[in-house]
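Q: okay, sequence plus prediction incoming.
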Amino acid sequence: MGTPTSDVLIIGGGVAGLTLALEVADHRSVTLVRPAQDNQGASRWAQGGIAAVLSPDDDLDAHINDTLIAGDGLCDIEAVRFTVTHGPAAIQWLINKGVPFTPEHDPAARYPYHLTREGGHNARRIIHADDATGRAVVDTLLASVARHPNITQRNDLTVVGLLQDAQGACCGAYGSDTNHQWYSLTARHTVLATGGASGLYRHTTTPAPSSGEGMMMAAELGARLMNLEFQQFHPTCLFDPKGPAFLISEAVRGEGGHLLNEAGERFMLALDKRAELAPRDVVARAIDAEIQRSSLGHVWLDIRHLGEQAIRHHFPTILAHCASRGIDITQQAIPVVPAAHYSCGGVATNLHGATNVTNLYAIGETACTGLHGANRMASNSLLECLVFARSCAQALLTQAPEQHGQAASSSGFQPPAQAAALPKAVLSDIRQQMRTTMSQNVSIVRSSTGLSTALTHLKALLNSVEEIQGALTAPEGRRLHQTLQLAILTVIAAQQRHESRGLHYSSDWPHQQSEAVASSLSINDLTGALEKNR
Ligand code: SIN
């Protein structure tokens, strides 16, 4: 490899990527590849907030304990302790950067910012910026990134693969620009902050989520993928078949919202002593069961009893969006359904975001640090983005720059001079079929038959992409191929788990094994599964 394009290449422009860029840029040159449109990814759409022990009335052990309970026995205790312990400093870093968190107006309060509650938390520990926390954090960090002379932003590029040198180390990435020209960016360290895989599903809580492409790029280089079967469904997405995806924050239940069934009854009271504030897997499953029983197609989330003033004060974004869709949430209950929200699994990393591939790191939802176990607790995700971006930065800054051999692209892929133009309608149809298959068979309640059906469909869809001429040498074709591969690996992980735990509920394996074991897959498992039927 000649002179690298930059010291650090960060792929992804959400909270994890932006934080890392700012944390290393005083000492390293950074190239930050961001999506062209602001609506992409998940960070910007996070409403509720960031969980951390901030009030003197709360304590670290309580946050650790709540996280472990939500994770249903599968959390990595070291990752949980590490994240929770570094949480308060990460929040202070954001405050210093100027994030406009909502102040506390109660003079008796012992912390200057308002702290809300969400499912699984036994204390008020969610700091937020009204009900649009992600947007406030992203906008604040982006403004700092734009001012930093050592950060080069690229939002004209679609990354489709990683570069590997002769020793197997990662040394950058390649992709194509808006004119379909291929390019490569080399770097001493490459960091994936590419988001999760909720885009594998038909209904999601954000308009344009990732579909696991980054996870698959890492796998192509030999990285391990962990806990892919634990896909989280947020219990309350606005039921709006003709409108855009829109989350109704868990903070709505945290501030006292009630879930009602078709008969107008609070069904959570009979199911869990934590009622509406039980962890997400429990609430989403209960809503799913109510929907199966009723003719409505959704349940209701009712906050009218909080009063108009409190609703306007706490939830201005939700109020305005629902009003724009013809629902006055001060006067009407909100129709809600569960929707794909967060991938608890991803690229396996250590406490500094390092993967098992030399010089390749993963942070944020792309990564699986072990923090979330079988079910992520509300508002621990932005916390993880911040804590691991900061610890990754420390690791990168303490490492002596290494020299590499000749760069080569992963999986033997040699980009042609010009990317081929593909039949868009065909690719879009395949993607829709994949989403339908995943939503029907690999969602809140799974069965062995459903998983086998999904595997058969997904393999057929993968074949049809491979049969399109030039598909694998064009960015859209390659990304769809990666997405289908990740969907197949997700099904394999679900098939291998012979129990129900956290977000993975199987009607054929309703009980939990006594020992909690994380799943771990690699590209070889995919190859093996594909070869079986050939
Ligand atoms: C929410 O506001 O409910 C989403 C926050 C999260 O997923 O943690």
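A: The structure has been received and is ready for your questions. Numbering: from 1, shown residues only.

Q: got the residues of the stretch 201-350 of the chain near the ligand?
A: Contact residues, the stretch 201-350 of the chain versus the ligand (CB under 6 Å from any ligand atom): 247, 249-251. For the C-beta atoms, the positions are set from N, CA and C on the backbone; glycine is no exception.

Q: between these, which sits nearest D328?
A: S249 (17.8 Å; CB to CB).

Q: so that closest one makes contact with A132?
A: No. Under the criterion of CB atoms under 8 Å, S249 is not in contact with A132, lying 9.3 Å apart.

Q: okay, and the common contacts of these two?
A: Q47 (CB atoms under 8 Å, 6 or more residues apart in numbering).

Q: which one of these two has more residues nearby?
A: Taking neighbours as other CB atoms under 10 Å, S249 and A132 compare with S249 leading, 29 against 21.

Q: hmm, back to that, redo the residues of the stretch 201-350 of the chain next to the ligand as a markdown table? Include pLDDT and secondary structure.
A: Shown next, in a markdown table, are these (pLDDT from 0 to 100; DSSP: H, G, I helix; E, B strand; the rest coil):
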| residue | pLDDT | secondary structure |
| --- | --- | --- |
| L247 | 93 | strand |
| S249 | 92 | coil |
| E250 | 92 | coil |
| A251 | 91 | helix |
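
Q: just the helices in the stretch 101-250 of the chain please.
A: 133-147, 213-220 (DSSP state H, counting those that start in this stretch).

Q: so for the last one, mean pLDDT?
A: I take that to be helix 213-220. Helix 213-220 shows a mean pLDDT of 97.

Q: what's that helix packed up against?
A: strand 157-165, strand 182-192, strand 225-226, strand 346-348, strand 360-362, helix 475-496, helix 523-532 (3 or more CB pairs under 8 Å, 6 or more residues apart in numbering; DSSP states H and E).

Q: ditto for the longest one
A: Using 3+ CB pairs under 8 Å, 6+ apart as the contact test, the elements touching helix 133-147 are helix 15-24, helix 77-97, strand 151-154, helix 380-398.

Q: next, format these as JSON lines and append mean pLDDT and mean neighbour count.
A: Shown next, in JSON lines, are those (pLDDT from 0 to 100; neighbours: other CB atoms under 10 Å):
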{"stretch": "helix 15-24", "mean pLDDT": "98", "mean neighbour count": "28"}
{"stretch": "helix 77-97", "mean pLDDT": "98", "mean neighbour count": "18"}
{"stretch": "strand 151-154", "mean pLDDT": "96", "mean neighbour count": "19"}
{"stretch": "helix 380-398", "mean pLDDT": "97", "mean neighbour count": "24"}
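
Q: in a markdown table: those, plus distance to the ligand.
A: Listed next are those as a markdown table, based on distance: least, CB to the nearest ligand atom, whole Å:
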| stretch | distance to the ligand |
| --- | --- |
| helix 15-24 | 12 |
| helix 77-97 | 14 |
| strand 151-154 | 26 |
| helix 380-398 | 5 |
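
Q: need the ones you listed in CSV (columns: distance to T178).
A: Supplementary listing: the helices and strands packed on helix 133-147 in CSV, determined by distance: least, CB to CB, whole Å:
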stretch, distance to T178
helix 15-24, 20
helix 77-97, 31
strand 151-154, 11
helix 380-398, 27
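
Q: nearest to E499, of the ones you listed?
A: Of the helices and strands packed on helix 133-147, nearest to E499 by CB to CB is helix 77-97, at 20.1 Å.

Q: and the angle from the closest one to helix 133-147?
A: 70 degrees (axes from the mean of the first three to the mean of the last three CA atoms, to 10 degrees).

Q: and helix 77-97 with helix 15-24, angle?
A: Going by the same axes, to 10 degrees, helix 77-97 makes 70 degrees with helix 15-24.

Q: who's in contact with helix 77-97?
A: Residues outside helix 77-97 that contact it (CB under 8 Å, 6+ apart): 22, 50-54, 60, 63-64, 67-68, 71, 101, 127, 137, 140-141, 144, 351, 369-371, 380, 383-384, 386-388, 390-391.

Q: over to stretch 499-512?
A: Counting by CB under 8 Å, 6+ apart, 71-74, 229-233, 280-281, 285, 344, 373-375, 444-448, 494, 497-498, 513, 516 sit against stretch 499-512.

Q: just the CA atoms of that stretch, as CSV, please.
A: The C-alpha trace of stretch 499-512 is given here as CSV (Å, rounded to 0.1, in the frame of the first residue of the first chain):
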residue,chain,number,x,y,z
GLU,A,499,-34.6,-22.2,23.2
SER,A,500,-36.6,-19.0,23.7
ARG,A,501,-34.5,-16.2,25.1
GLY,A,502,-35.0,-12.4,25.0
LEU,A,503,-35.9,-11.3,21.5
HIS,A,504,-35.7,-14.8,20.1
TYR,A,505,-39.0,-16.5,20.8
SER,A,506,-39.6,-19.9,19.2
SER,A,507,-43.0,-21.7,19.4
ASP,A,508,-41.1,-25.0,19.0
TRP,A,509,-38.6,-24.2,21.7
PRO,A,510,-40.6,-22.2,24.3
HIS,A,511,-38.2,-22.9,27.2
GLN,A,512,-34.8,-21.4,28.1
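
Q: about what we covered before: and the contacts of stretch 499-512, which of them are in helices?
A: Cross-referencing the contacts of stretch 499-512 against helices under DSSP state H gives 280-281, 285, 448, 494.

Q: buried subset of those residues?
A: Among the ones in helices among the contacts of stretch 499-512, those classed as buried by 16 or more other CB atoms under 10 Å are 280-281, 285, 494.

Q: please verify my assumption that V442 contacts T490.
A: Yes. If you go by CB under 8 Å, V442 and T490 touch, sitting 6.4 Å apart.

Q: give me the common contacts of these two.
A: In contact with both V442 and T490: Q231, using CB under 8 Å, 6+ apart.

Q: need phi/psi at F246.
A: phi -150, psi 120 (degrees, to the nearest 10).

Q: leaving aside the residues adjacent along the chain, what's closest to it?
A: Sequence neighbours aside, L238 is the residue nearest to F246 in space, at 4.3 Å (criterion: CB to CB, 6 or more residues apart in numbering).

Q: next, count neighbours for the one you found.
A: When neighbours are counted by other CB under 10 Å, L238 comes out with 23.

Q: how far away is N356 from I10?
A: The spacing between N356 and I10, counted by CB to CB, to the nearest Å, is 20 Å.

Q: check V160 too.
A: The value you get for V160 to I10, if CB to CB is used, is 16 Å.

Q: neighbour-wise, which of N356 and I10 wins?
A: I10 (31 against 15).

Q: give the pairing partners of the strand or helix carrying the more buried one; include direction for each.
A: If you go by DSSP states H and E, I10 is part of strand 6-11. Strand 6-11 pairs in its sheet with strand 30-33 (parallel), strand 182-192 (parallel), by DSSP bridges.

Q: which one of those strands lies closest to the ligand?
A: Checking these against the ligand by CB to the nearest ligand atom gives strand 182-192 as the closest, at 20.4 Å.
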